[in-house]
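>>> prediction below, plus the sequence it came from.
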Amino acid sequence: MSDTNNKNAPLSDEELEELVAASDSGARNPAGPVGKLIAGVALFWAAFQLWIASPLPYTAIGRIIPVLNDTQTRSLHLAIAIFLAFMAYPAFKNSSRTRIPIYDWVLGITGALCAGFAFYAYETLANTGAQGLPETYQLVMAGAGMLILLEAARRALGPALAVVAMIFLVYVFFGSESFIPDVIRWKGASFSKAMSHMWLTTEGVFGIALGVSASFVFLFVLFGSLLDKAGAGNYFIQIAFSLLGHLRGGPAKAAVVGSAMTGLISGSSIANVVTTGTFTIPLMKRVGFTSEQAGSVEVASSVNGQIMPPVMGAAAFLMVEYIGIPYVDVIKHAFLPAVVSYIALLYIVHLEALKKGMKALPKPVQQTKTFLGQLLSTFIGFAVFGALCFGIYYGIGWMRDLFGENASIILTVSTLAIYVGMVAMAARAPDLAMDDPKSEIVKLPVYDDIKGTGLHYILPIIVLVWFLMVERKSPGLSAFWASSLLIIILLTQKPLKVFFRKSGDIAAAFKSGFDDLISGMIAGSRNMIGIGVATAAAGIIVGTVTLTGVGQVMAELVEFISGGNLILMLMCVGVISLILGMGLPTTANYIVVSSLMAAVVVELGAQSGLIVPLIAVHMFVFYFGIMADVTPPVGLASFAAAAVSGGDPIRTGFTAFFYSLRTVALPFLFIFNTDLLLINVGWIDGIFIFIVATIAMLLFAAGTQGYFFARSRKWESALLILIAFTLFRPGFFLDYVQPPFVTSAPTQLEEVVGKAPVGSDIRIVISGPDFDTGLVKDVTVVLPVTAEGDGATRMSNVGLTTFPEGDVVKLDEPFPGTPYFETLGGFDFYMDEPVEIKSVQTAAERMPKQIFYIPSLLLLGLVIMLQRRRQMQPAF
């Protein structure tokens, strides 16, 4: 639909703010004492989360207030979230936005009391309900709390999560009834058993997901809110426009880069769309993008902000708990796909600009450097910065050796001195302000003029990354120190600028900074309402899975539908994620699907001979979950972008999905090529993988967009996609030429294990009866060789005991606590049919898989040669 016949009018700034509030922080904002009460509770929530994340409770200062355990923290966290949900989110669309009815007060306070029971009566609960001996009033409180939580979820997140949770609850109570299909029927549960499991223990609502929300997620959401309130979001957007705005299709490229940088601090795709889209979408339309295309570029780039470390919504922190790996490893695994995806989106935008023959916005007359000069200057700056980081890293080690405990004080003072110096640099230029993108003349910012005005915003990010990556502190403590620096910045940056400029009122500037701090803390708390309620409501679904065992049944159902084919199963999991994600927020969708399907994909992969790391499956689920924000008919980010652009939301969603095909393809690729997740990959290999993956994704983008150097013919697009696939997974073709493994007989197991060099892996195919069905299945496990010794010693060290009987090598059940106890827990070791070693596989010596890069690059050269003959305009 073109702009000439488009009947949808873009929303005003006030309407857009209300749209974001309605989806992220609550549309109701009453004035007067009630408004101050809500703000006070939100402010208390932020202060409470900062307190428990800090080291203060464990010092002399904290002795006044008792240290809370995890259950008490989760309890108070949910109590505040439920109360604010009823205060901030009206019951219906036509409900008052300025007045809170009495029933909302009753529901909010009652829900807070039910959720906060473990906080104010922890010892009572620990000796009764948590032990499976609930008292009557506790069951009544649990039942009321469940209903109120579901209503809070409906208000804050829409009906989908509440409906899905209620379906699971119906299954808990009525799972034994005749109307339940035989395949999923179970014995059912009493009200007492269900409520104890769901509300009075940490198996349901107060489980891992809510714990992650209380421990980590809040601090990162607060960090993002404070950073945005300080002015970092505007600075990032202006930097992006100063570098890219004057290029062909520049506003769209700036939207991608600006959204990527904003995604570093924002976990909300809708807020990201509106924050950057109000400026980028009108400018994209001005240079030739239709309303739908402009909105789609913004949606694709903003939604991808959720896959950009370090925040990643809440999924990164949930992966830490579900998989049991350090947060730093999650960031490492997520980094390459996210960066490659954003680079590809930049290229897609560039191709769209070429197809339409778009013109660039006027280059600033004050710009003294070319684009390449700006990039070179920026690169040199980063190189100098990197050298400083290395110097600081080794300098800090030297300082700690020299000054001991006093080194922390010296480092703190040095950081503050650097901050003051950066603010002095920023004070030399006027404060940044966005031009009106709808005005007749748009003046792009001059890079040389603005690059120094916001460098101090990068300092808290450096502190965050330093504590996470170098100091290896917990995510919560790292976010606390970064947020503490942000609090200092908010309080002092305006007074310092007044001081350095020698003009203005320092007291008024300090008051303005204090107001920004309070506003940022309140905004951070309000942004957490939906996440807190979502993680709690998703806990109902997780609790149902652990109580009823329905996860195994659903796994068998998906396995039956897929016929045991891993590709088909992955497609089923992707479709389930998309369907659930159309109504569930990304976090809840990830919790539900990963709880049901992650282990199943790993198990089926093992049965197919493919060892799939658990992190790869969780990333797969997460990627498809965020796509639901794009996908019609519900894609909320697409509707938000259409509200800004005035375009059709359904067409915007479909176009955005087409732009996001790379995000759909990546999960399948890193399931079969875990190098993309940098699993067991060194620095040199990592750089090489990054370069190859980037080239491959650019070719994939060119193939799907139908344009490379010129408009592509269909067979050229197919060739480009084939070349991209070869670069991504050259081992696929090598497996057909040379087998990847040498197979030995089971009786040679000890000999093979004994001869294997340290650091190598041995694959053992195990066959035996399934514990649930009794049917014989095969599972492939990996035995890493980590120490010297003969085969028997190496196997006993990991708990594998075999009993050779002729040509058959039987396997005994591993002892609990040994590495393979859970892996082989799906076998029934006590049936007549034995569990036995079926074959032993070692890596075969074969040509490097990269040999297939040669024919793919030759094909690429052919496509380039053919397209250059038809090229009508420069490629860049």
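Happy to help now that I have it. Residues are numbered from 1 along each chain as shown.

>>> show me which helix runs longest in this structure.
Determined from DSSP state H, the single longest helix within the chain is helix 506-548.

>>> how distant is that helix from the center of its chain?
17 Å (C-alpha atoms, centre = their mean, to the nearest Å).

>>> what is that helix packed up against?
helix 32-53, helix 70-88, helix 136-157, helix 159-174, helix 208-212, helix 218-230, helix 475-501, helix 586-593 (3 or more C-beta pairs under 8 Å, 6 or more residues apart in numbering; DSSP states H and E). Backbone N, C-alpha and C define where each C-beta goes, glycine included.

>>> tell me the angle that helix makes with helix 475-501.
When axes from the mean of the first three to the mean of the last three C-alpha atoms, to 10 degrees is applied, the directions of helix 506-548 and helix 475-501 differ by 170 degrees.

>>> other residues contacting the next helix or strand after helix 506-548?
Moving toward the C-terminus from helix 506-548, the next helix or strand (DSSP states H and E) is helix 550-562. Helix 550-562 is contacted from outside by 171, 183-184, 186, 544-545, 568-569, 571-573, 576, 595-597, 599-600, 603-604, 772-773, using C-beta atoms under 8 Å, 6 or more residues apart in numbering.

>>> circling back to that earlier point, between helix 70-88 and the longest helix of the chain, find me the angle.
Going by the same axes, to 10 degrees, helix 506-548 makes 110 degrees with helix 70-88.

>>> about what we covered before: so which of the helices and strands packed on helix 506-548 is the most packed in?
Each of the helices and strands packed on helix 506-548 was scored by mean neighbour count; the highest is helix 586-593, a mean of 29, by mean count of other C-beta atoms under 10 Å.

>>> which residues in the stretch 201-350 of the chain form helices?
Remark: helices assigned in the stretch 201-350 of the chain by DSSP state H, counting those that start in this stretch are 208-212, 218-230, 232-244, 250-263, 269-286, 291-303, 315-323, 327-356.

>>> and those as a markdown table, adding distance to residue 309?
Output for the helices of the stretch 201-350 of the chain, formatted as a markdown table (distance: least, C-beta to C-beta, whole Å):
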| stretch | distance to residue 309 |
| --- | --- |
| helix 208-212 | 16 |
| helix 218-230 | 11 |
| helix 232-244 | 16 |
| helix 250-263 | 9 |
| helix 269-286 | 15 |
| helix 291-303 | 15 |
| helix 315-323 | 7 |
| helix 327-356 | 4 |
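
>>> of all those helices, which one is nearest residue 496?
The minimum distance between residue 496 and the helices of the stretch 201-350 of the chain falls on helix 218-230, with 12.7 Å, by C-beta to C-beta.

>>> before we move on, the earlier item: of all the helices and strands packed on helix 506-548, which one is nearest residue 464?
helix 475-501 (3.8 Å).

>>> tell me the most buried of the helices of the stretch 201-350 of the chain?
Greatest burial across the helices of the stretch 201-350 of the chain, using mean count of other C-beta under 10 Å, falls to helix 291-303, with a mean of 31.

>>> which elements pack onto that one?
helix 250-263, helix 269-286, helix 327-356, helix 636-645, helix 649-659.

>>> CA-only coordinates of the last one in PDB, if you can.
Which is helix 649-659. C-alpha atoms of helix 649-659 as PDB (Å, rounded to 0.1, in the frame of the first residue of the first chain):
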ATOM      1  CA  PRO A 649       0.600  -3.500  10.100                       C
ATOM      2  CA  ILE A 650       0.000  -6.900   8.400                       C
ATOM      3  CA  ARG A 651       2.100  -6.000   5.300                       C
ATOM      4  CA  THR A 652       4.700  -4.500   7.600                       C
ATOM      5  CA  GLY A 653       4.900  -7.800   9.500                       C
ATOM      6  CA  PHE A 654       5.200  -9.900   6.400                       C
ATOM      7  CA  THR A 655       7.900  -7.600   4.900                       C
ATOM      8  CA  ALA A 656       9.800  -7.600   8.200                       C
ATOM      9  CA  PHE A 657       9.600 -11.400   8.400                       C
ATOM     10  CA  PHE A 658      11.100 -11.500   4.900                       C
ATOM     11  CA  TYR A 659      13.900  -9.200   6.000                       C
END
